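>>> any chance you could fold what I've pasted below:
(chains A and B)
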Amino acid sequence: MGNNKVKVFVNIGLFVSCLLSVHFVKAQNLVNGKKIFETRCLVCHQSDGGGVPNMNPPLDGASNVNGKDIARLVKIIQNGYDERVALDGMYYNNAMTANPDLKEDAIADILSFIRNSWSNKAGMVTVLQVKAAIAKNKAKKK
Amino acid sequence: MKKQIQILSISLFAFCSNVLAQNNAGLKLPEGFKASLYANNIGSARHIAVTKSGVVFAKLNNPNKEGNSIVRLEDANNDGVAEKINGWAKFGGTGIYIKGNSLYASSNEAIFKYDLNSKDEVLNPLTPVTIVSGLLDRRQHNSKSITFDMANNIYVNIGAYSNACQEKDRMQGSQGMMPCPILDSAGGIWKFDGSKQNQTYKDGKRYATGLRNVIGLDWNTQTNQLFVAQHGRDQLNSFYPNLYTDAQNAELPAETFYAINEGDNAGWPYVYYDPIQHKKIVSPEYGGDSKKEGAAEFKDPAVAFPAHMAPMGVLFYTGDQFPAKYKNGAFISFHGSWNRSPLPQEGFFVAFVPFKDGKATGDWEIFANGFAGMEDGVKVTNTSKAKARPCGLALGPDGSIYVSDDTKGAIFKISYNK
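Have a look, this model is predicted:
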């Protein structure tokens, strides 16, 4: 076996294990996210992410949950929400509890979970994105 | 051959019972009752009112796709299905009531009066008279449902904009405020003069307090007394997992039905009613431990229903069509829970409370079921999957009752076959 061939094999091996580990990390993020969802979010947003008409907005199929404004989602999770929610033509009135104790990685996991559950197929959210979102929200406040 | 006949008769039976069920608009009713789908998809129909000629008015929570938030429905050929449907008004809300030739409707902060002509058509759709305005609307529990006594006074619910009057609403560890400052302007029933224009808080009177949120209310003309159904507080297990399990939260606290006298205090937010211990228990936000009993001065319910089912409408049956046992008893609609999660939901039916000598007997029963559209024996797990959620109740001139649905806006008409 030539040196080059070995290199190729090693590279392919590295590549595959890299893919696998990315996949494993993703799966672990979703498992963590699900756990947090079940203890903090499920009661109001319901196990199917469908919410409660007029009271608690749905997460499943919600345009803003699947959207690009990660900073807003991070802010709602951290600070809660106490305004009328207008979402996809419907209105929701209940206040959402703040979660000031959730760490950045936990916020990334819960966002990844709700953006990739039920019919949602939005991107994963990384800890780096959450950190950037928090910085952005802080700057806005000032 | 015998077996074939058996199979044939079984499938025929299944077919017939299926057709019969559909004939009752999918509802399950006691023997002798029938239901029709009077209307469908009119928009989130909250309370409803029926005129002496049988015209139905429905108040919608938000304007429907035609942009209307009050809908008028008429069934001229009397086949149990409205064929003439139109609407007006931009303000979403819950309350609607007919008194003489006036139609009263409420937004989430005001009560308006319209005039009806001899055909029960509204004369002034664009220029209603403002009876009351400026009532608190802080989104949570903002429905201003209304009823009247026999002397033309209006009773309006002003719900508490809070779950348990914590310093920070629905925040784990936040203490209950003492005294609860919400109660001076919400968390109770206010009384106004139905014939006076432009009233505000200062013209009204707090008739009863300590009621977290009442949506269903009706005047009992037999005992000349107000009856209200309260939505009990949420999330005992979420905020106090050391005191309440998920299973306990699913049963606590009761949804309570009260016979109200002027000045009554039902105890929210300081106490809640535990239907298992049959006691008023001190709320954990106010130092309760799930056992400590609350003050005796707070009102006891006339009937305690299972937790979280959300009572939406109350109707005393004064018609003559239904069998004698229903006369002067109360129908209560429950549009179904969400806060029993992760356990299956309950409600989604119309209950009946028999009355004897002007007092509720505790033996309530399910009168009409099947609104959620689930298979037999299957419970609703996720609230938004319920097909219909019973809300408003009204009595028709022939003694039939109407039930509205506040999801997509079905209206059911329920009659008794003599």
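>>> what is the neighbour count of the nearest residue to residue B:360 once chain neighbours are set aside?
Nearest residue to residue B:360, sequence neighbours excluded (CB to CB, 6 or more residues apart in numbering or on different chains): residue B:302, at 4.3 Å. (Each C-beta comes from the backbone N, C-alpha and C, glycine too.) Residue B:302: 20 surrounding residues under other CB atoms under 10 Å in any protein chain shown.
>>> mind listing what residue B:302 touches?
B:227, B:257, B:258, B:259, B:359, B:360 (CB atoms under 8 Å, 6 or more residues apart in numbering or on different chains).
>>> beta-bridge partners for the residue nearest to residue B:198 when sequence neighbours are not counted, please?
Setting aside the residues directly before and after it, residue B:198 is nearest to residue B:130 in space (CB to CB, 6+ apart), at 5.7 Å. Beta-bridge partners recorded for residue B:130 (DSSP bridges): residue B:112.
>>> how about the residue in chain B that chain A sits nearest to, what does it touch?
Here the residue of chain B nearest chain A is residue B:384; by CB to the nearest CB that distance is 3.5 Å. The neighbours of residue B:384, taking CB under 8 Å, 6+ apart as the test, are A:46, A:48, A:50, A:51, A:52, A:53, A:58.
>>> name the nearest residue to the fifth one, sequence neighbours excluded.
This means residue A:52. residue B:338 (4.3 Å).
>>> can you pull up the residues of the stretch 151-300 of chain B that come close to chain A?
Within the stretch 151-300 of chain B, the positions lying close to chain A (CB under 8 Å from any CB of the partner chain) are B:168, B:169, B:170, B:171, B:172, B:235, B:238.
>>> the last one sits in which helix or strand?
So the one you mean is residue B:238. Using DSSP states H and E, the secondary-structure element containing residue B:238 is helix B:236-239.
>>> what sits up against that helix?
Residues contacting helix B:236-239 (CB under 8 Å, 6+ apart): A:43, B:170, B:172-173, B:243-246, B:248-249, B:252-253, B:284-285.
>>> and these, which are buried?
A:43, B:170, B:172, B:244, B:248, B:249, B:252, B:253, B:284, B:285 (16 or more other CB atoms under 10 Å in any protein chain shown).
>>> taking the residues you listed one by one, which sit in helices?
A:43, B:248, B:249 (DSSP state H).
>>> and of the contacts of residue B:302, the nearest to residue B:316?
Nearest to residue B:316 among the contacts of residue B:302, counting by CB to CB, is residue B:227 at 7.5 Å.
>>> wait, is the closest one part of a strand?
Yes: looking at residue B:227 with DSSP: H, G, I helix; E, B strand; the rest coil, it is inside a strand.
>>> what sits opposite it in the beta ladder?
residue B:218, residue B:259.
>>> which residues touch it?
B:217, B:218, B:219, B:220, B:257, B:258, B:259, B:260, B:302, B:314, B:316, B:330.
>>> export those as TSV, with columns for pLDDT and distance to residue B:65.
Listed next are the contacts of residue B:227 as TSV, based on pLDDT from 0 to 100; distance: CB to CB, whole Å:
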residue	pLDDT	distance to residue B:65
B:217	98	30
B:218	98	31
B:219	98	34
B:220	98	38
B:257	98	35
B:258	98	38
B:259	98	41
B:260	98	38
B:302	97	40
B:314	98	30
B:316	98	34
B:330	98	34
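>>> selecting buried members of those residues in PyMOL, what would you type?
If you want just the buried ones from these in PyMOL, going by 16+ other CB under 10 Å, the selection is:
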select buried, chain B and resi 217+218+219+220+257+258+259+260+302+314+316+330
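>>> of the contacts of residue B:227, closest to residue B:392?
Ranked by distance to residue B:392 (CB to CB), the contacts of residue B:227 are led by residue B:314 at 10.2 Å.
>>> is that closest one in contact with residue B:229, as I believe?
Yes: if you go by CB atoms under 8 Å, residue B:314 and residue B:229 touch, sitting 5.5 Å apart.
>>> shared neighbours, these two?
Here residue B:314 and residue B:229 have B:216, B:217, B:257, B:332 as joint contacts, going by CB under 8 Å, 6+ apart.
>>> which helix or strand contains the first one?
Put plainly, it is residue B:216. Here residue B:216 is assigned to strand B:214-220, by DSSP H and E.
>>> what's in contact with that strand?
Counting by CB under 8 Å, 6+ apart, B:94, B:143, B:145-150, B:155, B:157, B:159, B:189, B:225-231, B:259, B:310-316, B:328, B:330, B:332-333, B:358, B:391, B:393 sit against strand B:214-220.
>>> buried subset of those residues?
Buried, going by 16+ other CB under 10 Å: B:94, B:143, B:145-149, B:155, B:157, B:159, B:189, B:226-231, B:259, B:310-316, B:328, B:330, B:332-333, B:391, B:393, out of these.
>>> for chain A, what lies in contact range of chain B?
That would be A:38, A:42-44, A:46-48, A:50-56, A:58, A:80, A:82-84, A:90-91, A:93-98, which are the residues of chain A within reach of chain B (CB under 8 Å from any CB).
>>> weed out the non-buried ones from the residues you listed.
Counted by 16+ other CB under 10 Å, the residues of chain A next to chain B give A:42-44, A:46, A:48, A:50-56, A:58, A:80, A:82, A:91, A:93-98 as buried.
>>> residue ranges for the strands of chain A, please.
A:85-87, A:90-92 (DSSP state E).
>>> which among those is found nearest to residue B:320?
strand A:90-92 (40.6 Å).
>>> so what's residue B:187 up against?
B:158, B:159, B:160, B:165, B:180, B:209, B:210, B:211, B:212, B:268, B:269.
>>> contacting residues for the fourth one?
Read that as residue B:165. Shown in contact with residue B:165 (CB under 8 Å, 6+ apart): B:176, B:177, B:180, B:182, B:187, B:268, B:269, B:285.
>>> ok, back up a step: nearest to residue A:130 among the buried ones among the contacts of helix B:236-239?
Scanning the buried ones among the contacts of helix B:236-239 for proximity to residue A:130, where the rule is CB to CB, the winner is residue B:172, at 21.8 Å.
>>> quick check: phi and psi on the closest one?
phi -60, psi 130 (degrees, to the nearest 10).
>>> got it, and residue B:53?
phi -90, psi 0.
>>> any idea of the pLDDT on it?
You'll see residue B:53 listed with a pLDDT of 97.
>>> so it is in contact with residue B:121, correct?
No: with contact defined as CB under 8 Å, residue B:53 does not count as touching residue B:121 (10.7 Å).
>>> what's the burial count for the residue nearest to residue A:52?
Residues contacting residue B:338 under the criterion other CB under 10 Å number 26.
>>> returning to that earlier point: and the strand holding residue B:216, how far from the chain's centre?
Put simply, strand B:214-220 sits 8 Å off its chain's centre (CA atoms, centre = their mean, to the nearest Å).
>>> and stretch A:113-124, by the same measure?
Chain-centre distance of stretch A:113-124: 8 Å, with CA atoms, centre = their mean.
>>> same check, this time on stretch B:130-150
Put simply, stretch B:130-150 sits 15 Å off its chain's centre (CA atoms, centre = their mean).
>>> tell me the mean pLDDT for it?
96.
>>> end-to-end on stretch B:312-329?
One end of stretch B:312-329 to the other measures 17 Å (CA to CA, to the nearest Å).
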